[in-house]
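Trainee: return atomic coordinates for the entry below.
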Amino acid sequence: MTGSSTSSRKVLSKIASNRLQKELVEWQVNPPSGFVHNVTDNLQRWVIEVYGAQGTIYANEKYQLQVDFPEHYPMEAPQVIFLQPAPLHPHIYSNGHICLDILYDSWSPAMTVSSVCMSIVSMLSSATVKERPEDNDRYVKNCKKSPKETRWWFHDDKV
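Mentor: Have a look, this model is predicted:
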């Protein structure tokens, strides 16, 4: 999943670039608990380390999120996936795609990278079993490279 070329992406708009610069400064001053972003010179792609919350089935585990920002961020949601190995979770496919409504239909420009990260750790923390989604094999076999090209059906509000 890390092999997708950023050169084929459109350049960030001035609004997106300014917003991401602001979020980056805020992240450095007040990072969300359980996350580490190792800053690079690529503002359009962030790789963020995610640490499982203590007291959950993911405690003491570390994963990586890749966040790719579209040209018109924050009016358009970023693409967020787990890099391999993706955590075993009922809403995370083995290819790293995440079934979480705020990444698609429920996105709001008021959301930030930090708020997305907090939603993801909340989703992880509420899981009681480590398992793949029931349709994992079929989805991974038939899906597009980008999860944003998937027509998601959000029906489980328990995890």
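
Trainee: lowest-confidence helix or strand of this protein?
Mentor: helix 136-142 (a mean of 89; mean pLDDT, DSSP states H and E).

Trainee: any idea how far that helix is from the chain center?
Mentor: Offset of helix 136-142 from its chain centre (C-alpha atoms, centre = their mean, to the nearest Å): 19 Å.

Trainee: likewise for stretch 50-58?
Mentor: On C-alpha atoms, centre = their mean, the centre of stretch 50-58 falls 16 Å from the chain's centre.

Trainee: need the CA coordinates for that stretch. PDB is fine.
Mentor: Output in PDB follows, covering the C-alpha atoms of stretch 50-58 (Å, rounded to 0.1, in the frame of the first residue of the first chain):
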ATOM      1  CA  VAL A  50      -0.600   4.100  16.700                       C
ATOM      2  CA  TYR A  51      -0.200   2.500  20.200                       C
ATOM      3  CA  GLY A  52      -3.000   0.300  21.500                       C
ATOM      4  CA  ALA A  53      -4.600   1.900  24.600                       C
ATOM      5  CA  GLN A  54      -3.800   0.300  28.000                       C
ATOM      6  CA  GLY A  55      -6.600  -1.900  29.300                       C
ATOM      7  CA  THR A  56      -7.700  -3.000  25.800                       C
ATOM      8  CA  ILE A  57      -7.000  -6.100  23.700                       C
ATOM      9  CA  TYR A  58      -4.500  -3.900  21.700                       C
END
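
Trainee: what sits up against it?
Mentor: With C-beta atoms under 8 Å, 6 or more residues apart in numbering as the test, stretch 50-58 has contacts from 34-36, 59-65, 87, 117, 120-121, 124-125, 127-130. Just so you know, the C-beta spots here come from the backbone N, C-alpha and C atoms, and that holds for glycine as well.

Trainee: filter these to the buried ones?
Mentor: G34, F35, Y63, Q64, L65, P87, C117, I120, V121, L124, S125, A127 (16 or more other C-beta atoms under 10 Å).

Trainee: alright, that wraps it up for me.
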